[in-house]
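mind folding the following:
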Amino acid sequence: MFTTGPKYLIALSVTAWISAIAYGLITGGDFVGVLSYGFKGGVGEHLGYTLLHGVFGITAVLAGVLFANRDGEAETLARLAGTDVVPEVKPPSAPSYWGALAAVGVACLMLGVAISVVFLYLGLAILFVVAIEWLALAWSDRATGDAQTNANIKDRILGPIEVPMLGSLAIASMMIGVSRVFLAAGKIGAVVAGGILATLIFGAAVLLAQTDAPKKFISASVAGLAALVIGGGVVGAIVGPAPIHGHDEEHEGDHSDEDDHSGAGESTEEGLLIND
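Down below sits the predicted model:
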C-alpha cells in the first residue's frame, strides 16, 4: 500500500521522465536516442534533457526509500525495530545551517553555467561539503537520547576532516570572489580594493579577538564577509576584466606600424607603375 509521500514522489518522477522525453524530441532528438539516453541516436538539447532526468532519478530514489519504511509510520518502525512498543522519535537537537548553504551551492552552479566556470566548480565543492556535514548531523542527532553525547559523536567522527575541509572551502571562496573583483577593477582599482578588503579582515579579526565575542556572532560575521566577497565576485564576473591600457596601446602601435608599412609599400608600387 502506498502512503502519501511516495505517491507524490512517484507522480513527480513520472512527470519528470515524460518531460525529459518530450523535451528531447522537441529539441531535435530522435525517439530511439531519447529512450536509450543517447546510446543510439541524439537526445536533443543536452542540458535540459540531463536536468529533467536528474529530477526523475532523485525523486524515484526518494520514493523508493519512503515506500520501504512506509513513510515513517509508527507501526512500521516498531516492526523494523523488533519491539512491541513504538520507539521514541528524537527531534533534532542541533541547529542546522546546511540547508541555506546548499541553496548557495545551487546558486553558484547556476552562475557557473551562466557567467563563469569557476563558480560551477565552487558550487560543486559547496554541495559536496554540505552533503557530508548534513548526513553526519542527521545521523548523530538520533545516535543516542542525549544531545551532548550526539554532538561529541559527530565531533569525533568529523573532527579530523572538518576543519581542513571547511578551511579549504573558505579559502577557495575568498580566492574566487577576490580575483573576480580585482580583474574587474583594473590596476589602480585592484590596489584600492585589496587595501580595503585587507583592512576589513584585519580589523574584524582584532575586534573579535579583543571583545571575546560568542561563537554565534563569529559565525555570523564570517558568513556575512563570505557573502560580501562572493557577491562582489559575481558582480566582477558580470562586469568582466578591465582593459589593460598599456597592452592595448602596444597593440595599437603595432597596428599603426603595419598600416605605415603597408602605405609605404603601396606608394612604392604606385611610383614604379608611374615610372613604367
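
is the residue nearest the centre of the chain within a helix or a strand, and which one?
Closest to where the C-alpha atoms of the chain average out (Cα atoms, centre = their mean) is residue 123, at 1.5 Å. Under DSSP states H and E, the secondary-structure element containing residue 123 is helix 117-140.

for the following helix or strand past that helix, name the packing helices and strands.
Elements were assigned by DSSP H and E; along the chain past helix 117-140, the next helix or strand is helix 147-211. In terms of contacts (3 or more Cβ pairs under 8 Å, 6 or more residues apart in numbering; DSSP states H and E), helix 147-211 is packed against helix 117-140, helix 215-239. Backbone N, C-alpha and C define where each C-beta goes, glycine included.

single out the most deeply packed of those.
With neighbours taken as mean count of other Cβ atoms under 10 Å, the helices and strands packed on helix 147-211 reach their highest mean count in helix 117-140, at a mean of 17.

what angle do it and helix 215-239 make?
Here helix 117-140 runs at an angle of 150 degrees relative to helix 215-239 (axes from the mean of the first three to the mean of the last three Cα atoms, to 10 degrees).

mind checking how far helix 117-140 is from the chain centre?
With Cα atoms, centre = their mean, to the nearest Å as the basis, helix 117-140 stands 9 Å off its chain's centre.

elements contacting that helix?
Under the contact rule (3+ Cβ pairs under 8 Å, 6+ apart), helix 117-140 is packed against helix 98-114, helix 147-211, helix 215-239.

which outside residues touch it?
The list of residues contacting helix 117-140 from outside it, by Cβ atoms under 8 Å, 6 or more residues apart in numbering, reads 92, 94, 96, 98-99, 101-102, 104-113, 150-151, 153-154, 157-158, 162, 165-166, 169, 172-173, 176, 180, 233-234, 237.

okay, the angle between it and helix 98-114?
Orientation check (the same axes, to 10 degrees): helix 117-140 against helix 98-114 gives 160 degrees.

nearest spatial neighbour of residue 239, skipping sequence neighbours?
residue 184 (4.3 Å; Cβ to Cβ, 6 or more residues apart in numbering).

need the helix or strand of the protein with the lowest average pLDDT.
helix 245-275 (a mean of 48; mean pLDDT, DSSP states H and E).

could you list the low-pLDDT ranges of the stretch 101-250 of the chain?
143-145, 213, 215-216, 219, 244-250 (pLDDT under 70).

and residue 48, what element?
Counting by DSSP H and E, residue 48 is found in helix 46-68.

from the chain's centre, how far out does that helix sit?
Distance, stretch centre to chain centre, for helix 46-68: 19 Å (Cα atoms, centre = their mean).

elements contacting it?
helix 4-26.

how far away is residue 165 from residue 136?
The gap separating residue 165 from residue 136 is 11 Å, by Cβ to Cβ, to the nearest Å.

same thing with residue 4?
Applying Cβ to Cβ to residue 4 and residue 136 gives a distance of 29 Å.

and what of residue 111?
27 Å.

go on, residue 67?
Applying Cβ to Cβ to residue 67 and residue 136 gives a distance of 26 Å.

how about residue 156?
Applying Cβ to Cβ to residue 156 and residue 136 gives a distance of 11 Å.

equivalent analysis for residue 14, please.
Applying Cβ to Cβ, the value for residue 14 to residue 136 is 33 Å.

what of residue 172?
21 Å.

and for residue 166?
13 Å.

and stretch 147-167, how far from the chain's centre?
On Cα atoms, centre = their mean, the centre of stretch 147-167 falls 23 Å from that of its chain.

any idea how many residues pack against the closest residue to residue 9 other than its chain neighbours?
Of all residues not flanking residue 9 in the chain, residue 63 sits nearest, at 3.6 Å (Cβ to Cβ, 6+ apart). By other Cβ atoms under 10 Å, 21 other residues sit near residue 63.

contact partners for residue 63?
Here residue 63 is in contact with 5-6, 9-10, 13 (Cβ under 8 Å, 6+ apart).

if we use 6 Å, what do you get?
6, 9-10 (Cβ atoms under 6 Å, 6 or more residues apart in numbering).

perfect, that will be all.
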